[in-house]
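Trainee: here is my input; please provide its structure:
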Amino acid sequence: GAQQRLLQPCKYWLNEGHCAKGAACPFAHHAAGSEALAAKAQWVRDRRAQRRKLATDAGDPHARSGGAQRKSQRAKQFAAFVSRSLGGPQTLNEGSGVLDVAGGRGAVAFELIESHGVRTTVIDPRPARLTKQQHKRVKARGGAKGSGVPDSISACLTPQLWQAPQPASGGSGEAQEQEQEQGQGGIDPAIVARIRSCSAVVGMHPDQATDAIVDLACELGLPFALAPCCVFPRLFDHRRLPQDDAESPGGRVETREQLIRYLCHRADDAARRRGHAVPPCEVTHLPFEGANAIVFRRPPGLPPATTEQPTDENTDSVADDKPSGLDAAIATILGE
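Mentor: Predicted structure coming up:
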């Protein structure tokens, strides 16, 4: 009830130090100092316990065993999975390399390049940039100052970006050359070529680009791997589960578990319709907290054994992924 809410801390107050609702907020605004620190530590503990329970109920083996690593490790874990499960560096470096969709600052791309030697391009409206810790890694290996930033395409992935320009038949050679330079709808043909020549399509929590990853991979018959996160049921109201879905035949996609089933069906159905001789989609979980279910398709001929979880030597934590400031104090309280 209302009394219980008053005892719960306001997450905005804890995380940002202020709340837009002010005195009208039904949750507690603790004063700065040890009381606020203890309240935030308890809030973090409760949130983690709740998320672990939800993940366990959804079938995540790492949450059940308590072996999930912190979120700071997810780019490293996902990149390692992509490298070992989608063909290895030699295969993934074919063509223009891996396409990291909705890659943000390029955390996954950076790990693929630096840790696995896989050429990777980020496609995201935001430019790729390195963190301080990533700059240190580049410097430690002898890289020049300012180097190490993954190549990027500043755009949202849409079908128009991967549809090859089609010069009109006939006409003068000069007109056709101008048409090729402009591309379809003003899109640079070099971008289209880079996308269409990629070796695999990946996405870590790609949100609105989730369906586009599957569609691009299916159109080109490529392996892919994505970690679905936000569902956006109102934005993607067209999503429907197949009629043979065991839990909700023909139902709307409203949960992450339903989204995973929908994506598997969408990908496998598209592969059948296009006649691609590719393996069926698979689902696994990686050992990090949060949305860690991976929907993926291996390259043809790659045995499932290559998708096994890595050994400890491949999953060592990054020494520079350490909390600081308030987060460090909270970690101390939590005994982490």
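Trainee: what's the closest non-adjacent residue to Cys264?
Mentor: Cys281 (4.2 Å; C-beta to C-beta, 6 or more residues apart in numbering). From N, CA and C alone the C-beta is placed, and that goes for glycine too.
Trainee: buried stuff in the helix or strand hosting Arg261?
Mentor: Using DSSP states H and E, Arg261 maps to helix 256-274. Within helix 256-274, the residues that count as buried by 16 or more other C-beta atoms under 10 Å are 257-268, 270-271.
Trainee: elements contacting it?
Mentor: helix 210-220, strand 293-297 (3 or more C-beta pairs under 8 Å, 6 or more residues apart in numbering; DSSP states H and E).
Trainee: give me every residue that touches the residue most central in space within the chain.
Mentor: The chain has Met204 as the residue nearest its centroid, 0.7 Å off, counting by C-alpha atoms, centre = their mean. Contact analysis of Met204 by C-beta atoms under 8 Å, 6 or more residues apart in numbering lists Arg74, Ala75, Phe78, Asp100, Gly103, Ala107, Val108, Leu226, Ala227.
Trainee: ditto for Glu114
Mentor: Gln134, Arg137, Val138, Arg141, Gly148.
Trainee: any quick ChimeraX command for the buried ones out of the residues you listed?
Mentor: Buried residues within those, by 16+ other C-beta under 10 Å, are selected in ChimeraX with:
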select :134,137,138,148
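Trainee: let's have the contacts of Glu114 in JSON lines, adding distance to Ala24, secondary structure and pLDDT.
Mentor: Output for the contacts of Glu114, formatted as JSON lines (distance: C-beta to C-beta, whole Å; DSSP: H, G, I helix; E, B strand; the rest coil; pLDDT from 0 to 100):
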{"residue": "Gln134", "distance to Ala24": "42", "secondary structure": "helix", "pLDDT": "94"}
{"residue": "Arg137", "distance to Ala24": "46", "secondary structure": "helix", "pLDDT": "93"}
{"residue": "Val138", "distance to Ala24": "48", "secondary structure": "helix", "pLDDT": "94"}
{"residue": "Arg141", "distance to Ala24": "53", "secondary structure": "coil", "pLDDT": "91"}
{"residue": "Gly148", "distance to Ala24": "47", "secondary structure": "coil", "pLDDT": "92"}
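Trainee: reformat the contacts of Glu114 as a markdown table; add distance to Ala28.
Mentor: Shown next, in a markdown table, are the contacts of Glu114 (distance: C-beta to C-beta, whole Å):
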| residue | distance to Ala28 |
| --- | --- |
| Gln134 | 38 |
| Arg137 | 41 |
| Val138 | 44 |
| Arg141 | 48 |
| Gly148 | 44 |
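Trainee: contact partners for Ile153?
Mentor: Thr121, Val122, Ile123, Asp124, Ile191, Arg194, Ile195.
Trainee: nearest to His18 among the buried residues of helix 256-274?
Mentor: His18 lies nearest to Leu259 out of the buried residues of helix 256-274, by C-beta to C-beta, at 33.8 Å.
Trainee: hmm, back to that, now the residue nearest to the centre of the chain: phi and psi?
Mentor: phi -100, psi 110 (degrees, to the nearest 10).
Trainee: that one bridge partners, please.
Mentor: In this structure, Met204 bridges to Ala227 when assessed by DSSP bridges.
Trainee: pLDDT score assigned to it?
Mentor: Confidence at Met204, expressed as pLDDT, is 96.
Trainee: any idea how far it lies from Gly22?
Mentor: 36 Å (C-beta to C-beta, to the nearest Å).
Trainee: with Tyr262 instead?
Mentor: From Tyr262 across to Gly22, the span is 41 Å (C-beta to C-beta).
Trainee: just to revisit the earlier point, just flag the most distant two among the contacts of Glu114.
Mentor: So, the contacts of Glu114 by C-beta to C-beta: farthest apart are Gln134 and Arg141, at 11.3 Å.
Trainee: about what we covered before: in helices only, show me the contacts of Met204.
Mentor: Arg74, Ala75, Phe78, Ala107, Val108 (DSSP state H).
Trainee: neighbours of the residue nearest to the second one when sequence neighbours are not counted, how many?
Mentor: What that stands for is Ala75. Nearest residue to Ala75 in three dimensions, chain neighbours excluded: Ala107, at 3.8 Å (C-beta to C-beta, 6+ apart). A count of nearby residues for Ala107, using other C-beta atoms under 10 Å, gives 23.
Trainee: done for today, thanks.
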